[in-house]
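> Pasting a predicted model and its sequence here:
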Amino acid sequence: MTITCQKLHFASSAGGLDLDWKALSTIDLVSVATFQTSFVNTHGQRVKTMVHTPWASLAFAVAAITAFPAHPRLLSGGWLPPGFEQKCARFGRPCRPAATLAAPQ
């Protein structure tokens, strides 16, 4: 799996998946290890898929910053694991609020 500011690419012997963040219709983090998204595929069909990965929170955050900067879960910090901000502060690395993050243009 590769996650960039533009997309997620996943390949295995069973198949592959390319998700261009700006082509997504929706995205949400449904659990710590799962994000759900919908998009229109190259055949014009609406597709809804769930991706199970330990990198689900990162994928959600990058996709939301890029394509859904006003996403409520992004702005509220609801995509972070419980206690994450407190752990960062304890190590002297406070989190930047998501509202101040911006996707590269």
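Looks like it arrived, so ask away.

> Counting neighbours, what do you get for residue 37?
22 (other C-beta atoms under 10 Å). Where C-beta positions appear, they are placed from N, C-alpha and C, glycine not excepted.

> cool, and residue 5?
11.

> Would you check how far apart it and residue 36 are?
Distance from residue 5 to residue 36, counting by C-beta to C-beta, to the nearest Å: 21 Å.

> what helix or strand does the nearest residue to residue 49 once chain neighbours are set aside sit in?
Of all residues not flanking residue 49 in the chain, residue 37 sits nearest, at 6.1 Å (C-beta to C-beta, 6 or more residues apart in numbering). Using DSSP states H and E, residue 37 sits in strand 34-40.

> Each with direction, which strands does that strand pair with?
strand 24-31 (antiparallel), strand 46-52 (antiparallel) (DSSP bridges).

> of all those, which lies closest to residue 78?
Nearest of the strands paired with strand 34-40 to residue 78, taken as C-beta to C-beta: strand 24-31 at 7.5 Å.

> what is the mean pLDDT for that closest one?
The pLDDT scores in strand 24-31 average 95.

> After whichever strand or helix holds residue 75, which helix or strand is next?
According to DSSP H and E, residue 75 maps onto helix 72-76. Using DSSP H and E, the next helix or strand after helix 72-76 towards the C-terminus is helix 84-90.

> what about the host helix or strand of residue 10, distance to the chain center?
Following DSSP H and E, one finds residue 10 within strand 7-12. Distance, stretch centre to chain centre, for strand 7-12: 13 Å (C-alpha atoms, centre = their mean, to the nearest Å).

> before we move on, what about stretch 14-26?
11 Å.

> Keeping just the C-alphas, turn that stretch into CSV.
Extracted C-alpha coordinates of stretch 14-26, given in CSV (Å, rounded to 0.1, in the frame of the first residue of the first chain):
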residue,chain,number,x,y,z
ALA,A,14,-6.1,-10.7,-5.7
GLY,A,15,-6.3,-7.3,-7.4
GLY,A,16,-5.6,-3.7,-6.9
LEU,A,17,-7.2,-0.4,-5.9
ASP,A,18,-6.3,3.2,-6.8
LEU,A,19,-8.2,5.9,-5.0
ASP,A,20,-7.5,9.4,-6.2
TRP,A,21,-8.5,11.6,-3.3
LYS,A,22,-10.1,14.3,-5.4
ALA,A,23,-12.2,11.8,-7.2
LEU,A,24,-13.9,10.6,-4.0
SER,A,25,-17.5,11.4,-3.3
THR,A,26,-17.4,10.6,0.4
